[in-house]
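Visitor: need a 3D model of the following:
(chains A and B)
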Amino acid sequence: MKGFSMGSLALSRPLLVGALLSAGAALGLSDDARAEADSDPIRVGILHSLSGTMAISESTLKDEMLMLIEEQNEHGGLLGRKLEPVVVDPASDWPLFAEQARDLLSGDDRVDVIFGNWTSASRKAVLPVVEELNGLLFYPVQYEGEESSENIFYTGAAPNQQAIPAVEYLREQGVKRWALVGTDYVYPRTTNKILEAWLKDQGVSDDDIMVNYTPFGHSDWQSIVSSIASFGSQGKKTAVISTINGDANVPFYRELANQGISASDIPVMAFSVGEQELTGIDTAPLVGHMAAWNYFMSVDSDANFDFIDSWLAYKDDDSAVTNDPMEAHYIGFNMWLEAVKKAGTPDVDAVKDAIVGVTVPNLSGGGSAMMPNHHITKPVMIGEIQNDGQFSVVWQTPSNIAGDAWSDYLPDSRNLISDWRAPLHCGRLNVSSMTCEDGEPVVSQ
Amino acid sequence: MSRRAIRDLWRAGIVLVLVMMVPVMMALPGVVHAGDQISDEQARTLLEGLDASGFEAKGEAVERVAASTASQRERWLQALLEGRLARERRGDHFYIITDDGGREWPIIDAITLEDVGTGSRRTINTITINNTLRTQIEGALAAMSLTAGDVKARLAAARALVGTVDAISVARVEDTLAEEESLAVREQLETALALHRVQQGDVDALETLRGHLDTRVRNTLVPLAEGDGELASEARGVLAGIERKREWHQRVQTLFFGLSAGSILVLAAIGLAITFGVMGVINMAHGELIMLGAYSAWWLQQLLPGQPGLALILAIPFGFLVAAAFGIAIERSVIRFLKGRPLETLLATFGVSLILQQLVRTVFSPLNRAVASPEWLRGSWQVTEALSISYSRLAVLIFCLVVFAALWAVMRFTRLGLEVRAVTQNRDMARAMGVRAARVDMLTFGLGAGVAGLAGVALSQITNVGPNLGQNYIVDSFLVVVFGGVGNLWGTLVAGMTLGVLNQVLQPWVGAVLAKIVVLVGVILFIQKRPQGLFPPRGRVS
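Guide: Below you'll find the predicted structure:
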């Protein structure tokens, strides 16, 4: 049985090449070299941890990518070629991310694009590798900004696509005091720095801001929750802005519930809690606490319903959930497909040029475009936790927001922009001096 | 401190508006009086208001519903609050979903309250609310129950009044007080009235507020205490008293937090106190045995759906057995061959811990598993306004002490305990006396592993149940055992509790990260001074 199917697979190869050749001929591309290259599949690297601490979040994205690739192959692949996933396991180990990115990008079976990473630490580890070997990386998670790479496409939210709108929303709801609570690493620290600067710009005094950091996986929240409660009981409406990451959220929310703090007392606005994280919690005491994302599973759109249907079917699990980073990969993958089609080749330089300006449908019913700074446009939504573990969208920006690589609220990056199109071609352009801080000054022509 | 205070503050405004509105509504001509049933048309208009687009419009509609005399108004608001009020997608019937589990929900007509079959996401559209609206609805429901409703509801409504009574509503609150029978409700109403009188300049009313721990009392008094005059100086005195009392309550609270954090450390470490402390085996897979205990609690809950309490109680022996079985397997297959070679044991058991983690990831998925808390472990016991103790923490603390006592008794009074002590003190002599040392090793290791499993069952109520659960506790466990003195159960208890309290006392001061560092440095310095730990083993050790 096995031998037979292998045989049929081998038989179909020449057929495929033949079809490609004729397709190439029809397009006037009957160039020998191209025809030879066209017989190979296009290789897609998937760089997500399948073991270690981050497996909880990242393994889902690996499954999603496999599903998207499978679907695309059912629809005839890309440029008439099959897509071939190359899955590696960097095991939640940041240096291993860099090593495996190097493996994926060098050697004979070099991949044409990588979808991967979750934590900022792992992205920072991979960045020099993809720049050195000129790879393409699609990064699907919300992050702290203050970075722009020619080779990385940031399909998750920048701070202005998540944190700032969320805090604006809370101010409209009458919040006067702010507890910024986060895990002790680069994303919360940078985000909180931006938020503090923003809040002070809006006239919030130092006394009304409380900042607290906890280690990864912190599980004993008793005294911190208790100090948040006393911070919040001084007669002014108080909210918690949570950049608590991963596992530490469950005991944090449990402690809130235990100490009787409900969303009407002190609402929590979280930037790292999605449907996936809530599957580990009894959400009844959490109803009304909020999260800010660019997508929720409960979004009402046909694209979303279709995506959920195929995801549940692929996982063969009715209780599987979708979340924001999954949407980011969905958008990123489709953008890459479009760009490859537009360029007519999966060649990295051609795709990099072709992808800026590409617009594809997102899951909330609109479209997302790739901006010259390698960030994308998306709507920002605020969802409130419901007792079924889903979010109900209570607020949404009227239009898409474009991701901003360099925050306008930090003094160091206020004047910086990023534009990877020719002729600027610069990730750190100082608009006041018109110099590219990557090195050489911009030639003004 | 009062956790409810803030919620109450926000709810109070609404309660007040509604309380004030009742007499107004009654006086208005043309408004139907209580007892008059409103027509279906009127009811439909009210419900349509609730389905308005925009949360502000919905808020106004909630006020209209609360002020109406519709007999169904409480059910509507309750359903809206719980996300169970719905409208037909094509048509204008309103329904209340009576059970929103599953995909097909049984529904009743919102106006006639008659059973009308089932609905689903495809056919009906639930009316959504946001946080502000939720607070408002809770306030409206509380206001309805200030005069009607049971004691609990009246108490909640009365609590919401504290700090918000004004010249218009004072007479009504006084009337309510005159008719109220429950002492607790009376106390809240009296506080609310006293606070109002103090604001009007009544110095005598301050007496009622003396030593009151409600944060709203403090927040109202703070501005009054600024300035001169008799009222201000009296208010300063009362405030100082309140602050002193709060401080004491907070110290007790911190102590409880510390003991509770300590009890978790002790639970996690006590199994290690046996395997490492008594047997001298460095078992890096100890954390994973804890994790297996937690997973067995989860697994039993899957087998007994709808009975989380029973499952949790059964998980205590089950978790023990599962972890003990794994422990014995590890001892038989790995540790026994590495006797007396601590470095190799360390590396081998570290390998075992990675294998166990990945095994769980492969079998159960890398995602965290939700272990439900039974009803009797949820919420907290509000001792005073400034002191609350959560039931789950209290239960873990008691459980920890019970496990400790049982383990101590086993080591002290049973034959196994005697043999364990004999083997660890002088292995050759014990063997010469007919003790089967290899068997004792196996059972001791199994006992230590089983206790780790018990810790896992308890931890499933406190933290995540996932493949990484054990890693968070392994370092702390070794720290506790070393600090307490190797080979001494009492040392483990005292050390765990000490570290827990230290950590919780330091955390508000210096933050969680620095607190951890300070504790670690402290323990290292202590070990330098006293290498044998808090309770060094006494007598001759061979």
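Visitor: from now on I want contacts and neighbour counts done on CA atoms only, so please keep to that.
Guide: Fine.
Visitor: state the mean pLDDT of the longest helix seen in chain B.
Guide: Among the segments of chain B that qualify as a helix by DSSP state H, the longest is helix B:229-272. The pLDDT scores in helix B:229-272 average 89.
Visitor: what residues go with each domain of the chain?
Guide: Just so you know, I chose chain A. A:2-157+A:302-376, A:160-300+A:382-402, A:415-445 (automatic domain parsing).
Visitor: that's the other chain; I wanted chain B
Guide: With automatic domain parsing as the reference, chain B has domains B:4-138, B:249-529.
Visitor: check those domains for me: which has the lowest mean pLDDT.
Guide: Among those, domain B:4-138 scores lowest, at a mean of 76.
Visitor: could you pull out the helices in the stretch 301-445 of chain A for me?
Guide: Per DSSP state H, counting those that start in this stretch, the stretch 301-445 of chain A carries helices over the ranges A:302-315, A:324-343, A:348-355.
Visitor: burial-wise, tell me which of the ones you listed comes out on top.
Guide: Scoring the helices of the stretch 301-445 of chain A by mean neighbour count under mean count of other Cα atoms under 10 Å in any protein chain shown gives helix A:324-343 as the most buried, with a mean of 22.
Visitor: tell me the angle it makes with helix A:302-315.
Guide: 100 degrees (axes from the mean of the first three to the mean of the last three Cα atoms, to 10 degrees).
Visitor: C-alpha coordinates for helix A:324-343, CSV please?
Guide: The C-alpha coordinates for helix A:324-343 follow below in CSV (Å, rounded to 0.1, in the frame of the first residue of the first chain):
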residue,chain,number,x,y,z
ASP,A,324,-4.9,37.3,17.6
PRO,A,325,-1.5,35.9,16.7
MET,A,326,-3.2,33.3,14.6
GLU,A,327,-4.9,36.1,12.7
ALA,A,328,-1.6,37.8,12.3
HIS,A,329,-0.1,34.6,10.7
TYR,A,330,-3.2,34.3,8.5
ILE,A,331,-2.7,37.9,7.3
GLY,A,332,1.1,37.5,7.0
PHE,A,333,0.8,34.2,5.0
ASN,A,334,-1.7,35.7,2.6
MET,A,335,0.4,38.8,2.1
TRP,A,336,3.4,36.7,1.3
LEU,A,337,1.4,34.7,-1.2
GLU,A,338,0.2,37.9,-2.9
ALA,A,339,3.7,39.3,-2.9
VAL,A,340,5.2,36.2,-4.4
LYS,A,341,2.5,36.2,-7.1
LYS,A,342,3.1,39.8,-7.8
ALA,A,343,6.9,39.3,-8.0
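Visitor: what is that helix packed up against?
Guide: Here helix A:324-343 touches helix A:55-74, strand A:137-139, helix A:348-355, strand A:359-361, going by 3 or more Cα pairs under 8 Å, 6 or more residues apart in numbering or on different chains; DSSP states H and E.
Visitor: closest to chain B out of these?
Guide: helix A:55-74 (4.7 Å; Cα to the nearest Cα).
Visitor: flag every residue of the stretch 351-500 of chain B that's near chain A.
Guide: Within reach of chain A by Cα under 8 Å from any Cα of the partner chain, the stretch 351-500 of chain B has these residues: B:358, B:361, B:366-372, B:378-380, B:388-391, B:462-464, B:468, B:472.
Visitor: would you mind writing the CA trace of stretch B:425-441 as PDB?
Guide: Only the C-alpha atoms of stretch B:425-441 are listed here, as PDB (Å, rounded to 0.1, in the frame of the first residue of the first chain):
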ATOM      1  CA  GLN B 425      21.700   6.400  60.200                       C
ATOM      2  CA  ASN B 426      23.700   3.200  59.600                       C
ATOM      3  CA  ARG B 427      23.000   1.300  56.600                       C
ATOM      4  CA  ASP B 428      25.300  -1.700  57.200                       C
ATOM      5  CA  MET B 429      24.200  -2.100  60.800                       C
ATOM      6  CA  ALA B 430      20.500  -1.900  59.800                       C
ATOM      7  CA  ARG B 431      21.100  -4.600  57.200                       C
ATOM      8  CA  ALA B 432      22.900  -6.700  59.700                       C
ATOM      9  CA  MET B 433      19.800  -6.400  61.900                       C
ATOM     10  CA  GLY B 434      17.600  -7.800  59.100                       C
ATOM     11  CA  VAL B 435      16.300  -4.700  57.600                       C
ATOM     12  CA  ARG B 436      15.900  -5.000  53.800                       C
ATOM     13  CA  ALA B 437      17.600  -1.800  52.900                       C
ATOM     14  CA  ALA B 438      16.900  -1.900  49.200                       C
ATOM     15  CA  ARG B 439      13.200  -2.300  49.900                       C
ATOM     16  CA  VAL B 440      13.300   0.500  52.500                       C
ATOM     17  CA  ASP B 441      15.000   2.800  49.900                       C
END
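Visitor: what residues sit buried inside that stretch?
Guide: B:425, B:427, B:430, B:435, B:437, B:440-441 (16 or more other Cα atoms under 10 Å in any protein chain shown).
Visitor: tell me which of those fall in helices.
Guide: B:425, B:427, B:430, B:437, B:440-441.
Visitor: from the residues you listed, pick the one nearest chain A.
Guide: Nearest member of those to chain A, counting by Cα to the nearest Cα, is B:D441, at 32.0 Å.
Visitor: and for B:V403, the neighbour number?
Guide: 17 (other Cα atoms under 10 Å in any protein chain shown).
Visitor: hang on, I meant A:D207
Guide: Residues near A:D207, counting by other Cα under 10 Å: 9.
Visitor: now it: how far from chain B?
Guide: According to Cα to the nearest Cα, to the nearest Å, A:D207 and chain B sit 16 Å apart.
Visitor: confirm that that residue sits in a helix.
Guide: Yes: according to DSSP: H, G, I helix; E, B strand; the rest coil, A:D207 belongs to a helix.
Visitor: send me the host helix or strand of B:L354 as CSV with only the CA atoms.
Guide: Using DSSP states H and E, B:L354 falls within helix B:342-364. Only the C-alpha atoms of helix B:342-364 are listed here, as CSV (Å, rounded to 0.1, in the frame of the first residue of the first chain):
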residue,chain,number,x,y,z
PRO,B,342,25.3,12.4,43.7
LEU,B,343,26.5,14.1,40.6
GLU,B,344,25.4,11.3,38.3
THR,B,345,22.1,11.1,40.2
LEU,B,346,21.6,14.8,39.7
LEU,B,347,22.1,14.6,35.9
ALA,B,348,20.1,11.4,35.5
THR,B,349,17.1,12.7,37.4
PHE,B,350,17.3,16.0,35.5
GLY,B,351,17.0,13.9,32.3
VAL,B,352,14.1,12.1,33.9
SER,B,353,12.4,15.4,34.6
LEU,B,354,12.8,16.5,30.9
ILE,B,355,11.4,13.2,29.8
LEU,B,356,8.4,13.5,32.1
GLN,B,357,7.7,17.0,31.0
GLN,B,358,7.7,16.1,27.3
LEU,B,359,5.7,13.0,28.0
VAL,B,360,2.9,15.1,29.5
ARG,B,361,3.2,17.6,26.6
THR,B,362,2.8,14.8,24.1
VAL,B,363,0.0,12.9,25.9
PHE,B,364,-2.0,15.8,27.2
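Visitor: picking up where we left off before, could you dump the helices and strands packed on helix A:324-343 to JSON lines with mean pLDDT?
Guide: Output for the helices and strands packed on helix A:324-343, formatted as JSON lines (pLDDT from 0 to 100):
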{"stretch": "helix A:55-74", "mean pLDDT": "93"}
{"stretch": "strand A:137-139", "mean pLDDT": "97"}
{"stretch": "helix A:348-355", "mean pLDDT": "94"}
{"stretch": "strand A:359-361", "mean pLDDT": "96"}
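Visitor: and the ones you listed, which is most packed in?
Guide: Among the helices and strands packed on helix A:324-343, strand A:137-139 has the highest mean neighbour count (mean count of other Cα under 10 Å), at a mean of 26.
Visitor: that one pairs with which strands?
Guide: Its sheet considered, strand A:137-139 pairs with strand A:113-116 (parallel), strand A:152-154 (parallel) by DSSP bridges.
Visitor: what residues of the helix or strand following the longest one count as buried?
Guide: Of the helices and strands lying after strand A:113-116 in sequence (DSSP H and E), the nearest is helix A:120-132. By 16+ other Cα under 10 Å, the buried positions in helix A:120-132 come out as A:120-127, A:129-130.
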